[in-house]
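S.K.: Model the following, please.
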Amino acid sequence: MDKDFYNKSSSDSLGWKPEWFGCKYFDEDLVKAVRKWQRENGLTGDGLVGPMTYRRIWTERESQIDEFRPYIYSPKDSGLIRVVSKLHQEPTIAMGDQKIEIQQCL
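M.R.: Alright, predicted model coming up:
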(Lines give C-alpha, C1' and ligand atoms only; values in the text may rest on other atoms or scores of the structure.)
Protein backbone atom coordinates (compact mmCIF):
# COMPACT_ATOMS: atom_id res chain seq x y z
CA MET A 1 0.00 0.00 0.00
CA ASP A 2 1.23 3.50 -0.84
CA LYS A 3 1.02 5.20 2.55
CA ASP A 4 1.79 8.66 1.14
CA PHE A 5 -1.14 8.37 -1.27
CA TYR A 6 -3.41 7.02 1.47
CA ASN A 7 -2.57 9.89 3.82
CA LYS A 8 -3.04 12.49 1.07
CA SER A 9 -6.46 11.01 0.23
CA SER A 10 -7.36 10.86 3.92
CA SER A 11 -6.33 14.50 4.36
CA ASP A 12 -8.39 15.56 1.35
CA SER A 13 -11.51 13.81 2.65
CA LEU A 14 -11.18 14.47 6.39
CA GLY A 15 -9.49 17.88 6.37
CA TRP A 16 -6.37 17.27 8.44
CA LYS A 17 -2.93 18.67 7.59
CA PRO A 18 0.60 17.22 7.83
CA GLU A 19 1.43 20.12 10.16
CA TRP A 20 -0.75 18.46 12.80
CA PHE A 21 2.05 15.89 13.06
CA GLY A 22 4.91 18.39 12.68
CA CYS A 23 5.52 17.74 8.96
CA LYS A 24 5.19 19.73 5.75
CA TYR A 25 4.65 17.06 3.11
CA PHE A 26 2.90 13.76 2.47
CA ASP A 27 6.06 11.69 2.54
CA GLU A 28 7.92 9.07 4.57
CA ASP A 29 8.68 11.64 7.31
CA LEU A 30 4.94 12.10 7.79
CA VAL A 31 4.37 8.34 7.94
CA LYS A 32 7.07 8.10 10.64
CA ALA A 33 5.63 11.02 12.59
CA VAL A 34 2.11 9.56 12.41
CA ARG A 35 3.41 6.16 13.51
CA LYS A 36 5.20 7.76 16.48
CA TRP A 37 2.11 9.78 17.44
CA GLN A 38 -0.09 6.69 17.19
CA ARG A 39 2.17 4.66 19.47
CA GLU A 40 2.40 7.49 22.01
CA ASN A 41 -1.40 7.63 22.07
CA GLY A 42 -2.11 3.92 22.41
CA LEU A 43 -3.02 3.22 18.79
CA THR A 44 -1.59 0.70 16.37
CA GLY A 45 1.42 2.41 14.78
CA ASP A 46 0.81 1.87 11.08
CA GLY A 47 1.57 5.44 9.89
CA LEU A 48 -1.85 5.82 8.27
CA VAL A 49 -4.27 8.55 9.31
CA GLY A 50 -7.47 6.56 9.14
CA PRO A 51 -10.76 7.35 10.89
CA MET A 52 -9.56 6.28 14.36
CA THR A 53 -6.31 8.26 14.22
CA TYR A 54 -8.16 11.26 12.82
CA ARG A 55 -10.77 11.16 15.61
CA ARG A 56 -8.06 10.92 18.29
CA ILE A 57 -5.94 13.79 16.97
CA TRP A 58 -9.02 15.93 16.29
CA THR A 59 -10.24 15.36 19.86
CA GLU A 60 -6.78 16.20 21.22
CA ARG A 61 -6.60 19.42 19.19
CA GLU A 62 -10.16 20.36 20.14
CA SER A 63 -9.40 19.89 23.85
CA GLN A 64 -6.47 22.31 23.52
CA ILE A 65 -8.34 24.98 21.55
CA ASP A 66 -8.19 27.52 24.40
CA GLU A 67 -4.40 27.35 24.24
CA PHE A 68 -4.53 28.51 20.61
CA ARG A 69 -7.21 31.18 21.10
CA PRO A 70 -5.85 34.64 21.87
CA TYR A 71 -7.40 36.61 24.66
CA ILE A 72 -7.43 40.32 25.39
CA TYR A 73 -6.90 41.98 28.72
CA SER A 74 -6.18 45.46 29.96
CA PRO A 75 -4.28 45.87 33.22
CA LYS A 76 -6.12 48.24 35.53
CA ASP A 77 -5.29 51.91 34.89
CA SER A 78 -2.52 51.04 32.42
CA GLY A 79 -4.09 52.51 29.29
CA LEU A 80 -2.88 49.42 27.41
CA ILE A 81 -4.68 46.57 25.76
CA ARG A 82 -2.71 43.36 25.45
CA VAL A 83 -3.47 40.53 23.04
CA VAL A 84 -1.99 37.31 24.37
CA SER A 85 -1.94 33.65 23.39
CA LYS A 86 -1.43 31.09 26.15
CA LEU A 87 0.37 28.66 23.84
CA HIS A 88 2.77 30.81 21.86
CA GLN A 89 5.55 33.00 23.13
CA GLU A 90 5.24 35.41 20.19
CA PRO A 91 5.29 39.21 20.22
CA THR A 92 1.95 40.78 21.04
CA ILE A 93 0.62 44.26 20.42
CA ALA A 94 -0.07 46.60 23.30
CA MET A 95 -1.90 49.78 22.26
CA GLY A 96 -1.84 52.88 24.43
CA ASP A 97 -2.80 56.46 23.66
CA GLN A 98 -0.23 57.12 20.95
CA LYS A 99 2.13 54.20 20.91
CA ILE A 100 2.23 50.55 19.93
CA GLU A 101 4.64 48.33 21.81
CA ILE A 102 5.68 44.84 20.85
CA GLN A 103 5.94 42.70 23.96
CA GLN A 104 6.67 39.06 24.68
CA CYS A 105 3.91 36.94 26.21
CA LEU A 106 4.66 35.49 29.63
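S.K.: mind listing what residue 44 touches?
M.R.: residue 38 (C-beta atoms under 8 Å, 6 or more residues apart in numbering). In this view, the C-beta of every residue, glycine as well, is placed from N, C-alpha and C.
S.K.: Contact partners for residue 11?
M.R.: 17, 18, 26, 49.
S.K.: Type out the PyMOL command that picks the buried ones from these.
M.R.: Selection command for PyMOL covering only the buried members of the contacts of residue 11, criterion 16 or more other C-beta atoms under 10 Å:
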select buried, resi 18+26+49
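S.K.: name the element residue 45 belongs to?
M.R.: Using DSSP states H and E, residue 45 sits in no helix or strand.
S.K.: so which helix or strand takes in the residue nearest to residue 14 when sequence neighbours are not counted?
M.R.: Spatial nearest neighbour of residue 14, excluding adjacent residues (C-beta to C-beta, 6 or more residues apart in numbering): residue 54 at 5.0 Å. Per DSSP H and E, residue 54 falls inside helix 51-63.
S.K.: counting contacts, what elements does that helix pack onto?
M.R.: Applying 3 or more C-beta pairs under 8 Å, 6 or more residues apart in numbering; DSSP states H and E, we find helix 51-63 packed against helix 3-14, helix 28-40.
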